[in-house]
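K.L.:
give the three-dimensional model of this entry:
(5 chains, ligands or ions: 4)
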Amino acid sequence: SSKAKDSGKDGDKPSAGGIKTGQGVTDKTIKLGVLTDMTGVYASLGKSVTQAQQLYVKQVNADGGICGRKVELVVRDHGYDPQKAVSGYTELSPQVLGFAQFIGSPFVAAVKQRVDGQDKGLVIPQAWSASLLGSPYIRVIGNTYDVETINAVDFLMKEKGLKKGDKLGHVYFEGDYGENALAGAKYAAEEAGLTVVEQKIKPTDNDMTAQVAALKKAGVKGVVISAGPRQAASFVGVATAVKLQAPIIGNNSAFSPQLLATQAGPALMKNYYVASPTQPIGTDSPDAKKLVADYKAAYPSDALDNGVVAGWTAASVFGEALKKACTAKDLTREGVDKALLTIDAYDSGFGTTHDFTDPKAPSSRQTVVLQPDKKVTGGMKVVREAEVSKAAESFTVGG
Amino acid sequence: MAGAALEIRDLSAGYGPVRALRHVSLTLPEGSVVAVLGSNGAGKSTLLRAISRTLSFHGGAVTGGTVAFDGRPLTGLTPDRVVAAGLCQVPEGRQVFARMTVADNLRAGALGATGNRAAQAAALRRVHELFPVLAERAGQRAGLLSGGEQQMLAVGRALMAGPKLLLLDEPSLGLAPLMAQRIAETVTEINAQGTAVLLVEQNAAIALRLASHAYVLDVGEVVLSGPADELAASDEVRRRYLGVVDEDAAADASEAVAAHRTLSVWEGK
Amino acid sequence: MSTEAPVLEVRDLTVRFAGLTALDGIGFTVRPGTVHAVIGPNGAGKSTCFNVLSGVYRATSGSVRFGGEELTGLPAHRIADLGVARTFQNLALPPGATVEDSLMLGRHRLTRTGFVAAGLGLPSAVREEARHRERVREIAAFVGLEDQLARPAGTLPYGQQKLAELARALCMEPKLLLLDEPVAGMTAGERRATAAVVAGVRDSLGISIVLVEHDMGVVMRLADSVTVLDFGRLIADGTPASVQSDPAVVRAYLGEEATS
Amino acid sequence: MTTFAELLLNGISIGSVYALIALGFVVIFRATEVVNFAHASLLLAGGYVTAVLHDDIGFWLALLAGIGGAAAVGAGVEFLVMRRYRGSNHSVLAIVTIGVDILLTTELTRRIGTDVLALGDPWGDSVLTVAGVSVAHTRIAAFVAAGLLITAFLLAFRLTSWGVAMRAAAENSETAALMGVRLGRVSLGAWAVAGGLAAVAALFLTVFPTPGLERSTSLAAMKAFPAAILGGLDSTTGALVGGFLVGITESLATGYQGDLTFLGRGIGDLAPYLVMVAVLLVRPAGLFGTKELARV
Amino acid sequence: MSDPIKRLRRPALWTAGAVLLLALPFYLDRFWLQAGLFAMAAAIGAIGLNLLTGSTGQLSMGHAFFLAVGAYGYCVLAGDSTGTLTGLNLPSWLAAVLAVALAGVAGGLFSPIAGRLQGAYLGIATLALIFIGQHVLFNAHDLTGGFNGRDVPPLSLFGVTFDESELLVAAVPFGSAEKLWYVALLALAGCALFARGVLRGRPGRAMNAIRDHRIAAGVLGVPVARYRAGVFVLSSMYAGLAGVLLALVFQRTVPEYFGMILSLEYLAMIVIGGLGSVAGAVVGAVFVSLLPQLLTRYSDALPLVSAPGTGGVAPGEASRYLYGAAVVAVVLFLPGGLVRPAFRRRKTTTSEESP
Ligand SMILES: Nc1ncnc2c1ncn2[C@@H]1O[C@H](COP(=O)(O)OP(=O)(O)OP(=O)(O)O)[C@@H](O)[C@H]1O
Ligand SMILES: Nc1ncnc2c1ncn2[C@@H]1O[C@H](COP(=O)(O)OP(=O)(O)OP(=O)(O)O)[C@@H](O)[C@H]1O
Ligand SMILES: [Mg+2]
Ligand SMILES: [Mg+2]
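P.N.:
Ligands and ions are numbered 1, 2, ... in the order given. Model (predicted):
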């Protein structure tokens, strides 16, 4: 038979317990989509995030689920291929309530029209670019890269001796991660009277010698890296070797604990800091300790990195919204979206509080500054607790 | 007569549906020169490919029969093993390595050679003596040589290998009369030094003069065979392959023209 | 309509490659409707001369006039447009295409169908195609290839591939036909037949033919005049008979035996 | 001007790594006229074996094992795949290598997972500083290795019959077979050698200043494409010169990107390709490649 | 089988196929329609590439660039000028036509370079186009929207807008995918027939001649340089049209898509399908674009595949293995491509060995 519309099939319907449900929700299950990258360039992030979310779902279900329903993740690996990502969205969107993970901000942007226009399901991207803000359905968790970078520069000024009139080097990726961070760096520099020396790179650049040479020539007194872990490691390694005397701080995506086992390890521990929207996985809180223990038990051979925290946080935010929606007896997409808008001080257990009431703003402006340390679980320790710098507070995100 | 060096029995071969050789038997006594004649498409080149086992490069295959050299069957060997067994072929249509220099082409010819360095140097000297132009142009790329020069290179290259049996597919193709004679002399000379030769030649006069035995192929089958001088005397061979006609040339041409359709002038536009 | 072929005049033609003079100031004239043979030892420069005439090589100096046109300096396809067709000494037939398609390629200069017309299958294109296929079959029959039209050219025996090349050149409806060793690789009988085809072309179409050939029998039978080259220089020029008995030619090219 | 000197030196040093990769392309191309897109995965294979073994058997043995391993993988590819192709179209074979690359890369990245593997090289992060310009020891080693290997191959191609056999087989396999060339062995050998070279290149591609071997290491092999083409795909000298040119171009374009903003930032990756196109316009077969024949 | 039946079989098959294709939007869900649309767009691009690489022998690894020109060209021409983005706000059908023309112009601009190069050199030189293209796409923010790309204005034609607004046809809601299906089908049919005409006619013979023997082609009167440029332009226009269609299906263009992988996929399509043939390009395109989709979608059902984190082969990996293996297997075992399995029957060595 053709897919002719038979009336009423599509509409939201009340169900058990008088709870309104819609796509992706039955009496027994709540289906959430996960569009991740486990075979492409962001494979390491995708793997950690997905596993953390699966762990979260397992625990929630073990505790009886949400709203009397089991939560189920439908995972599609797009391998960072736009065609597969969009196809994955097309495939999953009719059958899930929302997306607990969507890697690749260009792909999120690609389906934005459909999310905002008709689908209206909650999507939590694993990207922190300000360009994703503004939609009531696509919600970024934690500080965006621009805010993070502003806070990072603040750290360099307050604690690492960067002064007004100095030059600040910024090595950033082509693309919205880097460019969003650059916007932050420029704003911070203007506020503090610094000059930014830009070095744009591509994800395929693994050797930062030329960049270090250029920044050294420019005489920078501090460097922000908005790139990947490899670029950061190379940069810090070369900088140490050629004695570029400047503190270096990276965004949260610019570090992975695996690096500590390589040649660059010692240099990273000496002269490298990482700005992060949350505390690290190895932080000294009971929630974190429990997550570490559970994750290790579930995935004994895999590294504990920021992705685990990010995935866990995203899943728990989604879970929180589901719980609120359940209380409001509305598990439809609108119900969940609305529920999220009412959450104004959520803490997933990693040191920062999130406020989801304003879709135009990131859920938090707090940034934690970390330092690589081999001895700690997850390879990072906190050197400055969550803090919002003055500049970050006055900054209009995405503006 | 010495024992047979090359013994072909009942050989059949084809290209997919095309049957190019049917039950061909041929004997090449040790140290002799045997010629194979035949018109276009008779299967001469196919025969040589079947011996050297390169039919698969043309989408063809041997479908039956045996080929043995010095009592050893060649069937089932790869082409390089055939070379190792002492057979070397000058393929049809020159086939020089166009982008390699003349010198490198000659070196390539020596790849299958068994002799030591000294022997190879001697072979090279001989080739240069035979075809001085190859020495002059040692550094030139073979593809830039003239057609005849390429043919010389192809023959010279085969001589570098010092084979026991040389298979020549139209060695005088495109050579000036003087040079064709020189090739003929060379064949006699290397034969005198003990190399057997299987000669496919369009220039039947030369071929029959050089060979002790000859075979005539037609549409894949041996239709005539025997001692070269006997064949040279046969009417059929004289007419078809030696081009000996009783009329004088002019009458011959006009007869041919008369026998042929004429082509009308193209009026179209 | 016939014997419209213009005169071909080669004057002082010189071609040099790095360190090698392939043609050294040669000159000859081909009268309309005749067969002019160019002979000479291997490497004398015959094919080089053809390459200049057909626009493959650029002459170092000298001139080639065909009717009113100067050919040196023209690109190959412009020369073809003037009605100059040639065959190649080393075959240049695409191995995969059928003989018929190869011959149709010869009609390229006489047809007009462009990308758009062909793509849209316009009636004009269809008509043109049919008309020219007809002529192609006619020419194939003329050279004796009518049964091979559907075969891939690469599977023909060597001698027939040479015939196919000749037919392709004829398909260009040339005013000047350049044949580079047309009978190489043929048996005596086939040579005679091919020579007859060439003679037939001259007689029925009245075009000029320049012939490079090592088979003196064919040259003697076909040529109206002969030019002999050696090491890029012209060493003799005249009627076949006079050239054949020229001692310089005998020494450089024919060898004593051939004359005896 | 020390920055210029430093950038230049850096370009030459990274260029030697590119040259090593390009040499791998050249070897396969000479033997088969195929552009080998699977070279990147050979690189990964060699690096992986070295990285996994160096803890147990020490760096030098591990490197040898890596070379051997990658050579075996290369030979395996030739034996299982390339040899089975019966056509003659080289572009088709190039596509086959893409398929092979997908297979190998998937397997290797699955094994590497999210790790960054150190290769345990003896040079560490030490640098040599002369007159204010510093070069990593690893890069000096790369320079020496590239120079030695390329000279060795140059001589091997010139002096041994292997080079002649390779080119003959590539140009006309049937005739080469008639000359007694063992077609299978020649291309097997070429693939094995290319594998070994890839392992050496992988070493220098993943040691300091780069953090180590990980899944995206193979992408860097792409940068050697312009190097191989610039020099001429069938020329060993070309690989060396092309590698240097690409390295220097990239390094200078990156170092001076602040002064080149009108071209858009991040021109460093593009610049080698622009130089390549410019060179090809003047010399369509690269600087040292064999020119196309223009004779009929 | 009697002759009339034989003669009727082909048209009957064609008609059945056409009816099936026309009916599909009434039955398939959006995922499959989208997959089909991707395949159709790819088929158009692949036909174009096959004209260039398969029939004229000019290896192009830069086709993704021309796809990008088409896609972005359409967006810029049809889009609004909003904030930071430039747009000309032309009628969308006109924009589509102009975008295709623009791709042709881009091809024409590159053809002088292409005209000088051969084989692998040409291939890798065209690779430069990809890098240039990516550089521009990332940097020309006001035209391309940078990293996150820009929205694609919906096509409207004869009063129908091909967007999400639902249109009920025979009680079936027609969204953008359903409506675009017919546009794509029409475009593909047109492109395929056009290419077939070109290949079978005079231009096709000239193209093959250039591929097989460039010098001889010139001597036979083919203006080689002009033809090569012409084919390059035509092929770029095909790519441009494919780009426009893809953009319409994606509803957003992102630079990431138009990278080297895409170019290589197109090459894989024509090789898998069969070089130099239109049907081959179509079959190859369908194969290459649907295979990964199928594998990803049904990865759960594949043997040996396990959930991520359990140490087994992840679904994405499994699909890549199969994809790679498929490429290798098709080329090795069907050397003429999928559409010509029996083109040249291969003689096995066993038959040679039998005495
Ligand atoms: N690759 C091929 N595919 C199909 N048929 C072929 C192939 N090569 C040759 N043939 C056919 O096989 C038969 C024998 O051809 P072969 O080349 O052996 O003839 P030949 O005697 O050498 O002729 P020539 O004197 O012209 O060289 C011919 O009918 C020819 O058409
Ligand atoms: N492109 C080129 N580069 C260098 N040398 C060349 C080139 N073309 C031809 N030659 C040389 O010029 C000379 C004349 O060559 P050409 O082909 O004209 O000879 P030919 O008279 O046709 O000889 P044949 O009868 O052997 O075909 C030869 O020595 C050849 O090596
Ligand atoms: Mg033959
Ligand atoms: Mg010649």
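
K.L.:
which residues in the chain form helices?
P.N.:
Reading this off chain A. A:43-62, A:82-92, A:105-114, A:145-159, A:176-192, A:209-218, A:229-241, A:265-271, A:286-298, A:306-327, A:333-341, A:390-394 (DSSP state H).

K.L.:
chain E was what I was after
P.N.:
So, for chain E - with DSSP H - the helices run E:3-23, E:30-49, E:63-78, E:92-116, E:119-139, E:141-144, E:176-200, E:202-212, E:214-219, E:224-250, E:260-273, E:278-297, E:315-333, E:349-353.

K.L.:
out of those, deepest packed?
P.N.:
By mean neighbour count, with neighbours taken as mean count of other Cβ atoms under 10 Å in any protein chain shown, helix E:63-78 ranks first of these at a mean of 30. From N, CA and C alone the C-beta is placed, and that goes for glycine too.

K.L.:
quick one: it to helix E:30-49, angle?
P.N.:
110 degrees (axes from the mean of the first three to the mean of the last three Cα atoms, to 10 degrees).

K.L.:
check which helices and strands helix E:63-78 is in contact with.
P.N.:
Under the contact criterion of 3 or more Cβ pairs under 8 Å, 6 or more residues apart in numbering or on different chains; DSSP states H and E, helix E:63-78 touches helix E:30-49, helix E:92-116, helix E:119-139, helix E:141-144, strand E:150-151, helix E:224-250, strand E:252-253, helix E:260-273.

K.L.:
try it again at 7 Å.
P.N.:
helix E:30-49, helix E:92-116, helix E:119-139, helix E:141-144, helix E:224-250, strand E:252-253, helix E:260-273 (3 or more Cβ pairs under 7 Å, 6 or more residues apart in numbering or on different chains; DSSP states H and E).

K.L.:
right, so of those, which gets closest to ligand 4?
P.N.:
The minimum distance between ligand 4 and these falls on helix E:224-250, with 22.7 Å, by Cβ to the ion.

K.L.:
circling back to that earlier point, can you redo the helices and strands packed on helix E:63-78 as CSV with mean pLDDT?
P.N.:
Formatted as CSV, the helices and strands packed on helix E:63-78 follow (pLDDT from 0 to 100):
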stretch, mean pLDDT
helix E:30-49, 94
helix E:92-116, 93
helix E:119-139, 90
helix E:141-144, 88
helix E:224-250, 95
strand E:252-253, 88
helix E:260-273, 90
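
K.L.:
state the helix or strand in which B:V82 lies.
P.N.:
Element membership of B:V82 [criterion: DSSP states H and E] is helix B:79-84.

K.L.:
any idea how far the residue lying closest to A:R76 once chain neighbours are set aside lies from ligand 2?
P.N.:
Nearest residue to A:R76 in three dimensions, chain neighbours excluded: A:G88, at 3.9 Å (Cβ to Cβ, 6 or more residues apart in numbering or on different chains). Distance of A:G88 to ligand 2, computed by Cβ to the nearest ligand atom, to the nearest Å: 58 Å.

K.L.:
likewise for D:S161?
P.N.:
25 Å.

K.L.:
how many other residues sit next to that residue?
P.N.:
D:S161: 14 surrounding residues under other Cβ atoms under 10 Å in any protein chain shown.

K.L.:
what number of residues lie near residue 57?
P.N.:
Went with chain A since none was named. So A:V57, with other Cβ under 10 Å, has 23 neighbours.

K.L.:
my question was about chain C
P.N.:
Other residues lying near C:Y57 total 22 when counted by other Cβ under 10 Å.

K.L.:
list phi and psi for it.
P.N.:
Taking degrees, to the nearest 10, you get phi -110, psi 150 for the backbone angles of C:Y57.

K.L.:
with adjacent residues omitted, what lies nearest to it?
P.N.:
C:N51 (4.1 Å).

K.L.:
for that neighbour, helix, strand, or coil?
P.N.:
Following DSSP: H, G, I helix; E, B strand; the rest coil, C:N51 is assigned to helix.

K.L.:
I'd guessed it sits against C:A59; true?
P.N.:
No. In this structure, C:N51 is not within contact of C:A59 by Cβ atoms under 7 Å, at 9.6 Å.

K.L.:
looking at these two, which has the bigger crowd around it?
P.N.:
Neighbour count, other Cβ under 10 Å: between C:N51 and C:A59, C:N51 has more, with 27 against 22.

K.L.:
relative to C:N90, how far out is that one?
P.N.:
C:N51 sits 12 Å away from C:N90, going by Cβ to Cβ, to the nearest Å.

K.L.:
which one of the residues in chain B is closest to ligand 4?
P.N.:
Closest point on chain B to ligand 4, by Cβ to the ion, is B:G147, at 4.1 Å.

K.L.:
hang on, the earlier thing: need the overlap of contacts for C:N51 and C:N90.
P.N.:
D:V296 (Cβ atoms under 7 Å, 6 or more residues apart in numbering or on different chains).

K.L.:
quick one: least confident helix or strand in chain A?
P.N.:
Ranked by mean pLDDT, DSSP states H and E, the weakest helix or strand in chain A is strand A:13-15, scoring a mean of 59.

K.L.:
any idea how many residues pack against residue 191?
P.N.:
Since you didn't name a chain, this refers to chain A. By the criterion of other Cβ under 10 Å, A:E191 has 18 neighbours.

K.L.:
wait, chain B
P.N.:
Here the count is done by other Cβ under 10 Å, and B:N191 has 19 residues near it.
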